[in-house]
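Asks: Predicted model follows, preceded by the sequence.
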Amino acid sequence: MSDTCAKCGADLPEEKTCESIFGELMALEFTDPGYGKVHFLTVACYMVQHEGYSDEMYVWMQSALRNYLEEGYTTEMIRQDASQGPGSSKGIRRQADAPPLPKVDWTMTIVDVAEQMHDAESYCRLIEQWGRTTLKEMGPLLLKSW
């Protein structure tokens, strides 16, 4: 019987966590450029689904994901935007005492990517699909209280 991730709700493979899977994917991305070309999406999706961003960063990240996936922004363009975004003047990470975020019933998680990938091409296709799914489903995380 598998465990469930408390943050994203994924059914975890035996003896794995989303964090350990993320570490494995980062190792692939940093050692093989074929995997690394989707690094922005991998980190963004993982952080969005695991309550890693401040409220301001969720708003910025929604825009960044849309720009990347729908408008064709390059990673360099996203970096330039980030230098002017909320992370330039405030922390990007969610504070431990921040109000809890609503739970989202994610239809695709990092576990899906890890279980379905076979090579760099399938990995990149899955990460892009994960990015599109995350963008589509992240609306409840965009708190307007700040």
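Replies: Cool, got the structure.

Asks: Now for the chain, the helix or strand with the poorest mean pLDDT.
Replies: Least confident helix or strand, the chain: helix 75-82 with a mean of 84, by mean pLDDT, DSSP states H and E.

Asks: Extract the C-alpha trace of that one and format it as PDB.
Replies: Only the C-alpha atoms of helix 75-82 are listed here, as PDB (Å, rounded to 0.1, in the frame of the first residue of the first chain):
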ATOM      1  CA  THR A  75      13.900  30.700 -19.900                       C
ATOM      2  CA  GLU A  76      16.100  33.800 -20.200                       C
ATOM      3  CA  MET A  77      13.000  36.000 -20.600                       C
ATOM      4  CA  ILE A  78      11.500  34.400 -17.500                       C
ATOM      5  CA  ARG A  79      14.800  35.100 -15.600                       C
ATOM      6  CA  GLN A  80      14.700  38.700 -16.600                       C
ATOM      7  CA  ASP A  81      11.000  39.000 -15.500                       C
ATOM      8  CA  ALA A  82      12.000  37.400 -12.200                       C
END
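
Asks: which residues touch it?
Replies: Identification of contacts with helix 75-82 by C-beta atoms under 8 Å, 6 or more residues apart in numbering yields H39, F40, W60, A64, N67, Y68, Y73, S88. (Glycine included, C-beta is placed from N, CA and C.)

Asks: mind listing which of these are in helices?
Replies: Residues of the contacts of helix 75-82 located in helices (DSSP state H): H39, F40, W60, A64, N67, Y68.

Asks: how close does the most centrally placed residue in the chain sit to H118?
Replies: With distances taken as C-alpha atoms, centre = their mean, the residue of the chain nearest its centroid is C45 (1.2 Å). Using C-beta to C-beta, to the nearest Å, C45 is found at 19 Å from H118.

Asks: now swap in K7 and tell me
Replies: 26 Å.

Asks: Those two: who's more crowded?
Replies: K7 (19 against 8; other C-beta atoms under 10 Å).

Asks: May I see the buried residues of stretch 92-107?
Replies: By neighbour count on 16 or more other C-beta atoms under 10 Å, the buried set for stretch 92-107 is I92, R94, L101, V104, W106.
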